[in-house]
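>>> below is the sequence, then the predicted model.
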Amino acid sequence: MAGPRTLSTAVTRHELRQTVLALLAGHELSEHDSQGEGTLQVLQGHVRLTTGSDSWDGKAGDYVAVPRERHALHAVEDSVILLTILKSIVSDQ
């Protein structure tokens with residue numbers, strides 16, 4: 001179930017983006033592709049990150065590596081996370 005969520009981009013640089021995301025219990029970010037290497041830090045609550053074959057649970061204080069494959073994020077409890085994405089930099093060299 002997609003639903004109520006709040007996004008706030010904390011830092012944006014050409015290759016780095018940090019976003020604070022709040023999700024109500026029972027809601028999710030539906031399956032989507034990875035935008036680069038990333039981690040999420042659970043600031044509050046409990047979330048579950050899933051791919052087609054694996055899942056990882058994160059609770060307040062945990063860091064979870066974002067997989068480089070399609071994934072979804074489900075809020076088990078009302079949750080707030082800090083998502084950090086390092087976008088790939090392509091060079092002409």
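Structure received.

>>> so where does Ile85 fall, helix or strand?
strand 79-86 (DSSP states H and E).

>>> show me where this structure has strands.
Under the criterion DSSP state E, the chain contains strands at 5-12, 16-23, 28-32, 37-44, 46-50, 55-59, 63-66, 71-75, 79-86.

>>> lowest average confidence across those, which one?
Mean pLDDT is lowest for strand 5-12 among those, at a mean of 57.

>>> just the CA atoms of stretch 64-76, as CSV, please.
Coordinates of each C-alpha in stretch 64-76 appear next as CSV, following Å, rounded to 0.1, in the frame of the first residue of the first chain:
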residue,chain,number,x,y,z
VAL,A,64,21.0,-0.7,6.1
ALA,A,65,22.8,-0.9,2.7
VAL,A,66,20.4,-0.2,-0.2
PRO,A,67,20.8,-3.0,-2.7
ARG,A,68,21.8,-2.2,-6.3
GLU,A,69,18.7,-4.0,-7.6
ARG,A,70,14.9,-3.3,-7.6
HIS,A,71,13.7,-2.9,-4.0
ALA,A,72,10.8,-1.6,-1.9
LEU,A,73,10.7,-0.1,1.6
HIS,A,74,7.8,-0.9,4.0
ALA,A,75,7.1,0.8,7.3
VAL,A,76,6.4,-1.8,10.0
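
>>> list the buried residues of it.
The neighbour-count check on stretch 64-76 (16 or more other Cβ atoms under 10 Å) flags Val64, Val66, His71, Ala72, Leu73, His74, Ala75 as buried. No exception for glycine: its C-beta is placed from N, CA and C like everyone else's.

>>> any chance of TSV for these, columns distance to Leu16?
As requested, the buried residues of stretch 64-76 are exported to TSV (distance: Cβ to Cβ, whole Å):
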residue	distance to Leu16
Val64	18
Val66	14
His71	20
Ala72	23
Leu73	20
His74	26
Ala75	25
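
>>> looking at those, which is nearest Leu21?
Nearest to Leu21 out of the buried residues of stretch 64-76 is Leu73 (Cβ to Cβ; 8.1 Å).

>>> burial count for the nearest residue to the closest one once chain neighbours are set aside?
The shortest distance from Leu73 to any non-neighbouring residue, by Cβ to Cβ, 6 or more residues apart in numbering, is to Leu29 (4.4 Å). The burial count assigned to Leu29 is 18, neighbours taken as other Cβ atoms under 10 Å.
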